[in-house]
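1. Sequence and predicted structure below; questions after.
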Amino acid sequence: MSFAVYEPEATGERLPVTVRPALADDVEAMTDIGLRAGRPVRPDAYLRALDDERRCVLVATADLAGIESQVVGWAQTSHRTVVTDPAPAGHYLAGVTVDPRLRRRGVATALTRARLEWVAGRAMEAFFVVNARNLASIALHRPWRFAEVARGPRLAGVTFEGGVGLLLRAPLAPPGAGTGGGRGAVR
């Protein structure tokens with residue numbers, strides 16, 4: 001699995017994005033972004049996830065090069081109900097993919113914030129699993145107080161090639177507590 005190189009000092013000008021629920025028409029763009037990012041792509045799985053009420057699939061769009069509302073990144077959640085390894089049942093942030101040409105411009109942050117707002121409407125905590133070597137993803141999630149719960153070669157059904165995985169957990173504000181983030185913006 002390919003992940004972004006950790007470059008904490010490398011930031012670009014913030015890209016104004018709109019985050020919205022993904023549509024079937026977005027799957028081609030999501031696939032293209034995954035290919036550019038060097039990730040495995042599964043368009044059929046993306047389509048199935050769009051119809052699953054227990055999941056949140058979002059895209060970030062921006063106006064680029066005269067093209068309005070171009071998809072520049074996407075992310076999703078998963079809902080784990082069966083426990084088969086140390087990872088508990090619950091809502092998981094299940095990946096964020098940003099067009100590599102537009103990384104470090106706030107797109108992943110906007111997608112993560114929106115997914116956590118969606119989860120907060122359904123649960124008191126959120127989880128994510130990550131390869132321990134994926135320092136960029138770990139740093140991305142730090143502002144939301146994600147803390148390590150467990151580590152191992154397999155967590156939440158995910159195996160970690162060439163490394164160990166981390167299970168991280170963040171407490172969320174109770175539904176209705178108001179996060180100031182526009183909770184109602186994402187279904």
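-> Everything's here; your move.

2. hey, where'd the strands end up in the chain?
-> Assigned by DSSP state E, the strands in the chain fall at 18-21, 57-64, 67-80, 90-98, 125-131, 147-152, 154-155, 158-159, 165-171.

3. Show residues contacting the least confident helix or strand in the chain by mean pLDDT.
-> Ranked by mean pLDDT, DSSP states H and E, the helix or strand of the chain with the weakest confidence is strand 158-159, at a mean of 88. Outside strand 158-159, the residues that touch it by CB atoms under 8 Å, 6 or more residues apart in numbering are 129, 153, 165. Every C-beta, even on glycine, is put in place using the N, C-alpha and C of the backbone.

4. What distance do you get for the residue of the chain positioned farthest from its centre to Val98?
-> Going by CA atoms, centre = their mean, the residue of the chain most distant from its centre is Gly66, 27.0 Å out. Look at Gly66 and Val98: by CB to CB, to the nearest Å, they are 21 Å apart.

5. Tabulate the strands of the chain in a markdown table, adding columns for distance to Arg105 and mean neighbour count.
-> Output for the strands of the chain, formatted as a markdown table (distance: least, CB to CB, whole Å; neighbours: other CB atoms under 10 Å):
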| stretch | distance to Arg105 | mean neighbour count |
| --- | --- | --- |
| strand 18-21 | 14 | 16 |
| strand 57-64 | 9 | 21 |
| strand 67-80 | 9 | 20 |
| strand 90-98 | 8 | 23 |
| strand 125-131 | 21 | 23 |
| strand 147-152 | 27 | 14 |
| strand 154-155 | 30 | 20 |
| strand 158-159 | 27 | 14 |
| strand 165-171 | 23 | 20 |
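
6. got those strands as a markdown table, with distance to Gly38 columns?
-> Putting these into a markdown table (distance: least, CB to CB, whole Å) gives the following:
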| stretch | distance to Gly38 |
| --- | --- |
| strand 18-21 | 23 |
| strand 57-64 | 19 |
| strand 67-80 | 15 |
| strand 90-98 | 10 |
| strand 125-131 | 14 |
| strand 147-152 | 25 |
| strand 154-155 | 22 |
| strand 158-159 | 18 |
| strand 165-171 | 19 |
